[in-house]
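> need coordinates for the below:
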Amino acid sequence: MRQIQKLRDRLLSTSAPMDKEQVSHTTNVSVMADTIAMIVDMQKEVEAQTVEYLKQKWEAMKLMDQIKPESAEILIDRYFEGKTFTEIGKEKFISGRQAQRREYAAIREFQRVLDSNQAQEAC
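Model prediction:
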């Protein structure tokens, strides 16, 4: 997203308002066209990645419904909200190390559910 914003800024700095000046065939014209093409391509890529991320997040959340709520909460805090073990520990009134142990247990629980669902889908 930062790259897209930089490209937009670059485009604005090399373009002139169309209602005040005549367009000439300068080097800026090709720079603008290239910049616009890069912006469009990057936006499409970001949109595709966002769709894929949301699809995978939705699938993960469905699996989270099959594990203990405490385990799901730790995984959501850690992987979807990006919290550190220290932050999780403070919220749950436990040490950061204990939060890390609980995360490991939650991952094992999640993996069992994932394996079970994949085995059922294979049948």
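> shaky segments in this protein?
For the chain, applying pLDDT under 70 flags the ranges 11-29.
> give the next helix or strand downstream of the strand or helix carrying M61.
Following DSSP states H and E, one finds M61 within helix 27-64. Next helix or strand after helix 27-64 toward the C-terminus (DSSP H and E): helix 69-75.
> by contact count, what packs against the helix or strand just after that following helix?
Elements were assigned by DSSP H and E; along the chain past helix 69-75, the next helix or strand is helix 85-92. In terms of contacts (3 or more C-beta pairs under 8 Å, 6 or more residues apart in numbering; DSSP states H and E), helix 85-92 is packed against helix 96-122. For the C-beta atoms, the positions are set from N, CA and C on the backbone; glycine is no exception.
> count of residues packed around T35?
T35 has 21 neighbours, counted by other C-beta atoms under 10 Å.
> next, the closest residue to F110 other than its chain neighbours: phi, psi?
With sequence-adjacent residues excluded and distances taken as C-beta to C-beta, 6 or more residues apart in numbering, F110 is closest to I67, at 5.7 Å. As for I67, its main-chain torsions (degrees, to the nearest 10) stand at phi -110, psi 170.
> and I67, what is it in contact with?
106, 109-110, 113 (C-beta atoms under 8 Å, 6 or more residues apart in numbering).
> break this protein down into its domains, please.
The chain breaks down into these structural domains: 1-55, 65-123 (assignment by automatic domain parsing).
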